[in-house]
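Undergrad: Structural data only, the sequence is not supplied:
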């Protein structure tokens, strides 16, 4: 089967299974709406969904940008300064034992019901994958390149900027792909814990009122945006890093 | 194609804008002591590369050829107790160029950016005219804007040779630079290197006896643990020598015998 047919066929299979489940569960749309009912709700309630979707998308994008900047900066500091590496690295690793979900209520308490706590949530959830991937890339520079640069008389900063940093970009890209995939989770969890707007908020409200089709419509919007964002980031990274061989790219 | 065709490329190589021979110093390594995995790799080893000549170093794997080269390059391990002196009394630092077995081209840069890497690492302006002339001279004139992945192994190693020449250093260190190439590309690149690096003090570490005899003014075998140097072979004539020369083939037999003895002694 030609590759371009795979996504539509997969989508059709998922829709069929979904509809099958709908029939099996007795066609009760307050438990599980059919794909068609979900699409109907999506069209009918678009004016309700759109503003909430806008809020969530802003949260995801802000969290993604800030989290990547923070993670990238941390990785650079770790790579450049040995004391930072010795003191901060264990803290970072141990910090991963704390579930981000557990501190979500605290973030709402500290940063309020608005945008801030959700952006912070998304940032926190992507900070570690980005930092770890980029730092790993910075550490694993081909030793021959470093030898060559040393014989050429390159200074520490020049070697970092001209060799170690570009060499670590494929690893950074892997981290960025993971971050893109998980950032929506951070934003939505933040909204569930406490918010007055966003797709997560809407899903929670719809669920409580047994408006399950609306919940599914919100979920659909979120999934569509996440997939589109991932595809965009992946495409952008391929364009920006054309020298990376293909088997490296498939994260 | 005869070996002679492979050995003599004239024409673009004799351009006036190629680097002058300059005054290359002799270089001596005093490898007082170097511990490696519980034993002494070197113990009171003195090794001299005569000024403006090619010195070739052969020997069994693990005997310390590359380590000796790295001592000269200033890439010595931290615990090395060694000293490198030059015949002109100046320090060697900043007067060395290094070429490794792999081309070490940066995959994200074009060939041109790769061969001018040294200047950019030091924050100097790259000599564009010279880079393009040298690329032209090694037959990479059309490849200046390409990325390394688009080149064959031979082309990549030629680019690495140009990068080494762009450094314009009197002392050149080469660690098996041609070993990854197929036979024809290797002979071509040997001839090219012999011509372009003439007059510089060159250290060539190699596993290939014929390569050493083709290019080297002095050919040493390093053997034993701690390692010692034998009296060098000095092949007659100017490099690149013909590989079908009777005298070179006789020396090759002699060199192979020495290498076999060295392998037995080092193991």
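TA: That came through fine. The shown structure was predicted, so the numbers you read here are calculated from the model rather than taken from an experiment. Residues are numbered from 1 along each chain as shown, chains lettered A, B, ... in the order given.

Undergrad: Contact partners for the closest residue to chain A within the stretch 51-200 of chain B?
TA: Nearest residue of the stretch 51-200 of chain B to chain A: residue B:121, at 3.3 Å (Cβ to the nearest Cβ). Every C-beta, even on glycine, is put in place using the N, C-alpha and C of the backbone. Shown in contact with residue B:121 (Cβ atoms under 8 Å, 6 or more residues apart in numbering or on different chains): A:149, A:152-155, A:158-159, A:162-163.

Undergrad: Point out where the chain drops to low pLDDT.
TA: By default, I'm working from chain A. Along chain A, the model assigns pLDDT under 70 to residues A:246-251.

Undergrad: ah, no, chain B please
TA: B:1-22, B:32, B:78.

Undergrad: Helix, strand or coil: sort out the residue positioned nearest the centre of it for me.
TA: Computing the C-alpha centroid of chain B and ranking residues by Cα atoms, centre = their mean puts residue B:174 first, at 2.6 Å. On the three-state scheme (DSSP: H, G, I helix; E, B strand; the rest coil), residue B:174 is labelled strand.

Undergrad: Return the distance of it relative to residue A:122.
TA: 52 Å (Cβ to Cβ, to the nearest Å).

Undergrad: circling back to that earlier point, which residues does the residue nearest to the centre of chain B form beta bridges with?
TA: residue B:99, residue B:204 (DSSP bridges).

Undergrad: Tell me how many other residues surround the residue in chain A that chain B sits nearest to.
TA: The nearest approach of chain A to chain B comes at residue A:154, 3.3 Å away (Cβ to the nearest Cβ). Residue A:154: 22 surrounding residues under other Cβ atoms under 10 Å in any protein chain shown.

Undergrad: Excluding residues flanking it in the chain, which one is nearest it?
TA: Excluding the flanking residues, the one nearest residue A:154 by Cβ to Cβ, 6 or more residues apart in numbering or on different chains is residue B:121, at 3.3 Å.

Undergrad: Quick check: phi and psi on residue B:34?
TA: With angles defined as degrees, to the nearest 10, residue B:34 sits at phi -140, psi 120.

Undergrad: can you pull the contacts of it?
TA: Counting by Cβ under 8 Å, 6+ apart, residue B:34 makes contact with B:40-42, B:64, B:67, B:71, B:76-77, B:79-82.

Undergrad: Across the sheet, point out what pairs with it.
TA: Beta-bridge partners of residue B:34, as defined by DSSP bridges: residue B:42.

Undergrad: Now for the nearest residue to residue A:25 once chain neighbours are set aside: which residues touch it?
TA: Spatial nearest neighbour of residue A:25, chain neighbours left out: residue A:32 (5.1 Å); criterion: Cβ to Cβ, 6+ apart. Shown in contact with residue A:32 (Cβ under 8 Å, 6+ apart): A:21-22, A:25, A:212.

Undergrad: mind checking how far residue A:32 is from residue A:18?
TA: Residue A:32 sits 8 Å away from residue A:18, taking Cβ to Cβ as the criterion.

Undergrad: likewise residue A:154?
TA: Residue A:154 is 58 Å from residue A:18, by Cβ to Cβ.

Undergrad: burial of residue B:65, as a residue count?
TA: 23.

Undergrad: Need the contacts of residue B:34 in a markdown table (columns: neighbour count).
TA: Output for the contacts of residue B:34, formatted as a markdown table (neighbours: other Cβ atoms under 10 Å in any protein chain shown):
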| residue | neighbour count |
| --- | --- |
| B:40 | 16 |
| B:41 | 21 |
| B:42 | 27 |
| B:64 | 26 |
| B:67 | 22 |
| B:71 | 23 |
| B:76 | 18 |
| B:77 | 13 |
| B:79 | 9 |
| B:80 | 19 |
| B:81 | 13 |
| B:82 | 18 |
